[in-house]
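Please find the sequence and the predicted model below.
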Amino acid sequence: MVTAGVAAQSLLARAQGNYPPPVTFTAEQDHQNMMKQLGITAVRPGPSGDEKAPNHANYDEATANPFPNIPDLMTMKNGKKVTTAKEWWDIRRPEIVEDMDREVYGRFPKNIPKVTWTVKLTDREVVNRIPVIAKELVGHVDNSDYPAISVDIEMTLVLPTNVKGPIPVLMMFGFPSLPAPSQPNPAQLAKLNEALKAVLSKDPDLKAIFDEHPAYNPIAAAPGTGGGFGFGPPPPAPKPTPDIPGVAGANNDPPSTQQLLAAGWGYCAINNGSIQADNGAGLTRGIIGLVNHGQPRKPDDWGSLKAWAWGAEQGLEYMEANEPTVDSKHIGIEGVSRYGKAALVTLAYFPKFAMALVGSSGEGGAKLNRRNWGEAVESLTGSGEYHWMAGNFLKYGASQATFGSKNPGDLPVDSHELIAMCAPRLTFISYGIPEKGDAKWLDHQGSYMAAVAAGPVFKLLGAKDLGVSNDYHTEKMPPVNTPMLDGELAWRQHDQGHQDQANMKWFIKWVDGKIGYTATPLPNAGRRAGE
């Protein structure tokens, strides 16, 4: 634990230009450090995903609700009911945010350093016959206060150039890359090869090789380009996909990025790991470590999910300030699995995001924490995943501690309140099916219950919920492939696996209808780069 004396010495050292190195812990050491700060001596092990293991996760609905009543969303801490939007915004929502900050996801630091964005590369490309501008971007976080740690956020923005702006953009958590890097045309490629052979031929041995193989070129054309975009055969068209509805049981959807571009949307990919590592050993590095000057977290400091959300907000602010063809009022956030958790946290905490596609998010995302089904609170309080959350979250998996023990029923909030924090913005909860790999572990029913229970806030704020009763005790998931897309809160369980690609076309059509967007083709927009 970092004492006040150590902190004062660190401050003096920095003032003198001497920066103490970051603490280096393994995930287990950092986990133990947090347990010690909290007075915890033992945490309950999380359940096993192996159904044959002795400690396998529960999949019996009869025992899935040991804490059947979740916190009342519409009751303020003084016991009064929320009856107006003003009471929600001024009283109840801040109460929920405080509990979420302190006990679940952690607090944003008061003084997070500024991010300065640089366009590393701009490339004109063609993706399935759609001309785009792709940019590689780097957001450098000011580390002048602690140079021992550098944070450079990696992001790629891809915008179609064949439609009139401003256009909506979906930001996606994951590894950014250029979709179809442009290639030299045949004439340019010939010049490059000629110059390269001239340089290499200064070596007599290499010249002998070129003399023996006079038609050989060191640089070959990229496959399928005929030497460059604008030449040779066109890229293959995507497999035909029916409009709504899709074909049950067949994942014939193009990649989500292609679906977005075809609908006249842009997309943005942001690298979570460049913001904050996805492990406990990285908590004294990344943006969390930078703000803490390389020292371990305190119990209410933010975890990786909230750090990723902050990084996404920085990317949105870049687009808002620098990309006039982007509709900055309609930027969304997307992710699957742990990135689905992060997408929901992002929408809940950053009101500039207009929408989210929350894919297969499970525990720590849309799943009710109080449910005893599959992934559990204890799964997120062990040393493997605790870094996603605030340190205080460990208390709810504690079996032995100075305060006794706590369980999920002691949490002051639950995931229905996280979903409600997104209201009235567009919130699409997406899942697949276990038969195709979207494991039972994720608790689809528990996530549906949370969405049902969040409904009253959407309605209070003039939006529509799922269109069913808000009785989470009795509501059951609709059949697979049933769209519940009438409201600003949406649900659809597709018939594919651990992905949201199969729901992307539904998401796009749903958002387009809600925001009134129709892609407008630009006159004389070339279908290929350079035309």
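Okay, I see it.

Can you name the element that comes right after the least confident helix or strand in the chain by mean pLDDT?
Lowest mean confidence among the helices and strands of the chain (mean pLDDT, DSSP states H and E): helix 4-15, at a mean of 52. Beyond helix 4-15 in the direction of the C-terminus, DSSP states H and E gives the next helix or strand as helix 27-38.

you'd agree Lys329 is up against Met355?
No. Applying Cβ atoms under 8 Å as the test, Lys329 and Met355 come out as separate, 10.7 Å apart. Just so you know, the C-beta spots here come from the backbone N, C-alpha and C atoms, and that holds for glycine as well.

Looking only at neighbour counts, state which of the two leads.
More crowded of Lys329 and Met355, by other Cβ atoms under 10 Å: Met355, with 24 against 11.

who's that one bridged to?
Under the criterion DSSP bridges, Met355 forms beta bridges with Gly332, Leu426.

For it, give me its contacts.
If you count contacts by Cβ atoms under 8 Å, 6 or more residues apart in numbering, Met355 has them with 330, 332-333, 347, 425-428, 511.

Please identify which of those is nearest to Phe108.
Proximity of the contacts of Met355 to Phe108 was ranked by Cβ to Cβ; the top entry is Leu347 with 15.4 Å.

Can you tell me the element that closest one falls in?
Going by DSSP H and E, Leu347 is in helix 338-349.

Helices of the stretch 351-500 of the chain, start to end?
415-420, 444-460 (DSSP state H, counting those that start in this stretch).

How far away from the center of its chain is the first one?
Here helix 415-420 is found 17 Å from its chain centre; the criterion is Cα atoms, centre = their mean, to the nearest Å.

swap in stretch 21-41?
On Cα atoms, centre = their mean, the centre of stretch 21-41 falls 26 Å from the chain's centre.

ditto for stretch 128-136
The chain centre lies 22 Å from the centre of stretch 128-136; the measure is Cα atoms, centre = their mean.

Same question for stretch 439-448.
Chain-centre distance of stretch 439-448: 19 Å, with Cα atoms, centre = their mean.

Residues contacting it, please?
49, 57, 59, 61, 64, 360-363, 365-368, 371, 373-375, 415, 429, 431, 434, 438, 475-477, 491, 493, 498.

buried ones in it?
Using 16 or more other Cβ atoms under 10 Å as the test for burial, stretch 439-448 gives 439-448.

my read is Glu125 is in a strand, agree?
Yes. Assessed by DSSP: H, G, I helix; E, B strand; the rest coil, Glu125 belongs to a strand.

Let me see the contact set for it.
With contact taken as Cβ under 8 Å, 6+ apart, Glu125 is in contact with 131-134, 158, 178-182, 229, 529.

Gly340: which of those residues is nearest?
Val158 (21.3 Å).

Strands along the stretch 401-531 of the chain, start to end?
Secondary structure of the stretch 401-531 of the chain (DSSP state E, counting those that start in this stretch): strands located at 426-431, 489-493.

go on, the stretch 51-200 of the chain?
115-127, 130-141, 152-160, 167-173.

Among those strands, single out whichever gets nearest to Trp88.
strand 167-173 (26.8 Å).

Remind me what the closest one packs against, helices and strands.
Judged by 3 or more Cβ pairs under 8 Å, 6 or more residues apart in numbering; DSSP states H and E, strand 167-173 is in contact with strand 152-160, helix 256-262, strand 266-270, helix 304-322, strand 326-336, helix 338-349.

Send me the last one as PDB with only the CA atoms.
When you say that, I think you mean helix 338-349. Extracted in PDB, the C-alpha atoms of helix 338-349 (Å, rounded to 0.1, in the frame of the first residue of the first chain):
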ATOM      1  CA  ARG A 338     -15.100  -8.200 -22.600                       C
ATOM      2  CA  TYR A 339     -15.200  -5.500 -25.200                       C
ATOM      3  CA  GLY A 340     -19.000  -5.700 -25.000                       C
ATOM      4  CA  LYS A 341     -18.700  -5.000 -21.300                       C
ATOM      5  CA  ALA A 342     -16.500  -2.000 -22.200                       C
ATOM      6  CA  ALA A 343     -19.000  -0.800 -24.900                       C
ATOM      7  CA  LEU A 344     -21.900  -0.800 -22.300                       C
ATOM      8  CA  VAL A 345     -19.700   1.000 -19.800                       C
ATOM      9  CA  THR A 346     -18.700   3.600 -22.400                       C
ATOM     10  CA  LEU A 347     -22.300   4.400 -23.400                       C
ATOM     11  CA  ALA A 348     -23.300   4.600 -19.700                       C
ATOM     12  CA  TYR A 349     -20.600   7.000 -18.700                       C
END
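
and for that helix, what are the contacting residues?
Residues from elsewhere that reach helix 338-349, judged by Cβ under 8 Å, 6+ apart: 100, 105, 108, 173-174, 272, 278, 305-306, 308-309, 312-313, 333-335, 353, 355-362, 364-366, 388, 418-419, 421-422, 425, 427, 430, 500.

mind checking which of the strands of the stretch 51-200 of the chain is nearest Val43?
Comparing the strands of the stretch 51-200 of the chain under Cβ to Cβ, the one sitting nearest is strand 167-173, at 27.7 Å.

got the angle for that closest one vs helix 338-349?
Taking axes from the mean of the first three to the mean of the last three Cα atoms, to 10 degrees, one finds strand 167-173 and helix 338-349 inclined to each other by 130 degrees.

oh, and call the first residue 283 from now on, that's how I've got it
With the count now opening at 283, the last piece we talked about shows up as strand 449-455.

what is the orientation angle of strand 449-455 with helix 586-604?
Using the same axes, to 10 degrees, strand 449-455 lies at 150 degrees relative to helix 586-604.

Just give the strands next to strand 449-455 in its sheet, each with its orientation.
strand 548-552 (parallel), strand 608-618 (parallel).

shaky segments in this protein?
The model of the chain has pLDDT under 70 over residues 283-299, 505-532, 807-813.

Alpha carbons of stretch 607-618, as CSV, please.
Taking Å, rounded to 0.1, in the frame of the first residue of the first chain, the C-alpha atoms of stretch 607-618 are listed here in CSV:
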residue,chain,number,x,y,z
THR,A,607,-17.6,14.4,-42.8
VAL,A,608,-18.4,12.5,-39.5
ASP,A,609,-21.8,13.1,-37.9
SER,A,610,-20.4,13.7,-34.4
LYS,A,611,-23.9,13.6,-33.0
HIS,A,612,-24.3,10.0,-34.1
ILE,A,613,-21.2,8.2,-33.1
GLY,A,614,-21.7,4.7,-31.6
ILE,A,615,-19.6,2.2,-29.7
GLU,A,616,-19.4,-1.6,-30.2
GLY,A,617,-17.7,-4.6,-28.7
VAL,A,618,-18.1,-8.3,-28.1
